[in-house]
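Enquirer: pasting the sequence and the predicted model now:
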Amino acid sequence: MARLSVNINKIATLRNSRGGNNPDVLQTALACERFGAQGITVHPRPDERHIRYQDVYDLKTAIKTELNIEGNSREDKFVRLVLDTQPAQVTLVPDDPNQITSNHGWDTVKHQAYLMDICALFKSEGIRVSIFVDPDPKMIEAAAGTGTDRVELYTEAYARDYLDSPELALAPYLEAAKIAQQVGLGLNAGHDLDLHNLRYFNQHIPGLLEVSIGHALIADALYLGLEETIRQYLEQLA
Ligand SMILES: CC(=O)[C@@H](O)[C@H](O)COP(=O)(O)O
Ligand SMILES: NCC(=O)COP(=O)(O)O
């Protein structure tokens, strides 16, 4: 069964808008765990506009489930943070510093040598590595050559196209998932997954290990409450 890792970036965004500590990122993470989330995801960005580096240090000592840190390993500060905090998983995302949010996966063909080195560094510390990729067979095959444990399929296109045709939206992801299985990579997925599109994705993608969900889940929690929201997301994955 795919596990749910709740991305709490948006809680930090709300906190930062007033400069105090409300809502409390740490308390929210602990509540997510209490309500059944199997992991906590954070994606610190260089400008610390949502999750701050210090939040990640605090979270690591407080949470009991898996911590997944996403970000750009070309930033020295990010690499230091990961090595210092030793999360269960690091997800490598090729973001530009000024991006509003992630909008593409790694080109694992072009950057294979770099990815081999950085995967080796994190794995030598016992940290599981996942590489954020578009659902492109070439990218999955080349990811296998980097030494990564998993890939995370970037699901924005699925979420968008699902509204017109779930079957067509899923097709490239199904192909990508089959290739990941053939080359021995574990499979994660994330970006814009929500209560409408998650069940179909989970039911049809073989070998899905983890989804990380933030934006829609936190928005749903405004209407449903965090406990009920997490219950409903877990139900989609059951
Ligand atoms: C890697 C990814 O898919 C992103 O969804 C990300 O984790 C969210 O980042 P922001 O919260 O900065 O939009
Ligand atoms: N890796 C994806 C993630 O953590 C959350 O993405 P989103 O649900 O905020 O789009």
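Expert: Structure's in. What do you need? Ligands and ions are numbered 1, 2, ... in the order given.

Enquirer: report the central residue of the chain.
Expert: By Cα atoms, centre = their mean, the chain has its centre lying nearest to residue 212, at 4.3 Å.

Enquirer: do the helix or strand that contains it and ligand 2 meet?
Expert: Element membership for residue 212, per DSSP states H and E: strand 208-213. Yes: for strand 208-213, a contact with ligand 2 is found by Cβ under 6 Å from any ligand atom, at 212, 213. Heads up, the C-betas are built off the backbone N, CA and C, glycines and all.

Enquirer: what's the answer for stretch 76-88, then?
Expert: No: judged by Cβ under 6 Å from any ligand atom, stretch 76-88 makes no contact with ligand 2; its nearest approach is 13.2 Å.

Enquirer: buried stuff in that stretch?
Expert: 78, 79, 81, 82, 85, 87, 88 (16 or more other Cβ atoms under 10 Å).

Enquirer: and stretch 72-81, is it in reach of ligand 1?
Expert: No: applying Cβ under 6 Å from any ligand atom, one finds stretch 72-81 separated from ligand 1 by no less than 10.0 Å.

Enquirer: check the offset of that stretch from the chain's centre.
Expert: Counting by Cα atoms, centre = their mean, to the nearest Å, stretch 72-81 is centred 16 Å from the centre of its parent chain.

Enquirer: try stretch 12-19
Expert: Stretch 12-19 has its C-alpha centroid displaced from the chain centroid by 21 Å (Cα atoms, centre = their mean).

Enquirer: could I get the buried residue list for that stretch?
Expert: For stretch 12-19, a neighbour-count test (16+ other Cβ under 10 Å) marks 12, 15 as buried.

Enquirer: that stretch and ligand 2, are they touching?
Expert: No: using Cβ under 6 Å from any ligand atom, stretch 12-19 never reaches ligand 2; the gap is at least 10.7 Å.

Enquirer: what mean pLDDT does that stretch get?
Expert: Per-region confidence: stretch 12-19 scores 96 on mean pLDDT.

Enquirer: angle of the longest helix seen in the chain against strand 208-213?
Expert: The longest helix of the chain (DSSP state H) is helix 166-182. Interaxial angle of helix 166-182 relative to strand 208-213 (axes from the mean of the first three to the mean of the last three Cα atoms, to 10 degrees): 130 degrees.

Enquirer: report all helices and strands that the following helix or strand past helix 166-182 contacts.
Expert: As assigned by DSSP H and E, the chain's next helix or strand after helix 166-182 is strand 186-190. Applying 3 or more Cβ pairs under 8 Å, 6 or more residues apart in numbering; DSSP states H and E, one finds that strand 186-190 makes contact with strand 150-154, helix 166-182, strand 208-213.
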